[in-house]
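Participant: this is the structure alone, sequence omitted:
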Ligand SMILES: Nc1nc2c(c(=O)[nH]1)N[C@@H](CN(C=O)c1ccc(C(=O)N[C@@H](CCC(=O)O)C(=O)O)cc1)CN2
């Protein structure tokens, strides 16, 4: 068996085309959505992701607002930028690129953001809305994964899903999304404390690997025909991405998301969806 590719690049391009139409409609109503980004430090991966987000904005007509601080920036300096973006009317939504340098209280920064401008869905109020099943911005990577599965016709309803990882951007909220009535999956969350990962993986119809451990998911652990999403990002000596999924999995899985070219572009597309939806809500309100 050779897995069908869950092509995030093409799927994200289709989502962006639809968004460009919605942005044009907003502009006719006198509203220009603007995405702000706060990047602290010089991590090459983060720089690349933020640059990609602004490239996407240009493609769909969203204005870009970029704030960069050195790795030595203090908690107070970062908080000042967050306060400034909260007040800036041109910035209709923004993100603080994670991770922040060691010593910075990430949660305090997220809590300080205006929840109405939280384009990542990571503000505690928006995560709470997700728990309560209330409308709000959805975390970008988890919702991007759901969209990727839906658009490729992978059955989520009733599926046994294993999520590997428990980080704030993916692992924490992925099960919340998958167990909503609209998705209706049964989820097992695995992490570094899981005693026998292999036993859980072998039961899974869908595997979401977000551990950041190169080639953690081996072909012999994957149920034939399963959908496998590779979200892990490690880098080799030359800076090339090494995912969580062993290349041999392509011979066993029914569907496989490439990495790069799978979940990453979907994360960026979902970010733009959140920005456009927030701008539409604000325009409707007044
Ligand atoms: N504030 C946030 N920080 C981080 C998030 C997040 O959702 N919000 N998630 C990750 C990084 N991330 C988003 O910012 C992200 C990861 C990957 C990509 C992407 O487009 N990747 C490309 C490959 C790019 C490369 O070559 O390095 C791909 O997969 O094709 C975009 C965004 C942590 N931080």
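Facilitator: Structure received. In this text, all values refer to a predicted model and were calculated from it rather than measured experimentally.

Participant: what is the burial count for the residue lying closest to residue 218 once chain neighbours are set aside?
Facilitator: Spatial nearest neighbour of residue 218, excluding adjacent residues (CB to CB, 6 or more residues apart in numbering): residue 246 at 5.1 Å. Where you see a C-beta, it was placed from the backbone N, CA and C, and this is true even at glycine. By other CB atoms under 10 Å, the residues close to residue 246 number 19.

Participant: also residue 286?
Facilitator: 4.

Participant: and residue 160, what does it touch?
Facilitator: 185, 186, 188, 203, 204, 205, 206 (CB atoms under 8 Å, 6 or more residues apart in numbering).

Participant: considering only those, which also neighbour the ligand?
Facilitator: Residues of the contacts of residue 160 in contact with the ligand (CB under 6 Å from any ligand atom): none.

Participant: closest approach to the ligand from the stretch 51-200 of the chain, which residue is it?
Facilitator: Proximity of the stretch 51-200 of the chain to the ligand (CB to the nearest ligand atom) peaks at residue 98, 3.6 Å away.

Participant: doesn't residue 104 make contact with that residue?
Facilitator: No. Using CB atoms under 8 Å, residue 98 makes no contact with residue 104, being 10.2 Å away.

Participant: so the two - more neighbours on which side?
Facilitator: More neighbours surround residue 104 than the other of residue 98 and residue 104, with 20 against 16 (other CB under 10 Å).

Participant: please name the spatially closest residue to the more buried one (chain neighbours excluded).
Facilitator: Per CB to CB, 6+ apart, closest to residue 104 is residue 75, 5.7 Å.

Participant: pretty sure that neighbour sits against residue 105.
Facilitator: Yes. With contact taken as CB under 8 Å, residue 75 and residue 105 are classed as touching, separated by 6.1 Å.

Participant: which parts of the stretch 101-250 of the chain are helices?
Facilitator: 106-112, 124-132, 140-151, 174-178, 197-203 (DSSP state H, counting those that start in this stretch).

Participant: could you redo these as JSON lines and give each row mean pLDDT and mean neighbour count?
Facilitator: Below are the helices of the stretch 101-250 of the chain laid out as JSON lines (pLDDT from 0 to 100; neighbours: other CB atoms under 10 Å):
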{"stretch": "helix 106-112", "mean pLDDT": "98", "mean neighbour count": "15"}
{"stretch": "helix 124-132", "mean pLDDT": "98", "mean neighbour count": "15"}
{"stretch": "helix 140-151", "mean pLDDT": "98", "mean neighbour count": "23"}
{"stretch": "helix 174-178", "mean pLDDT": "98", "mean neighbour count": "21"}
{"stretch": "helix 197-203", "mean pLDDT": "98", "mean neighbour count": "16"}
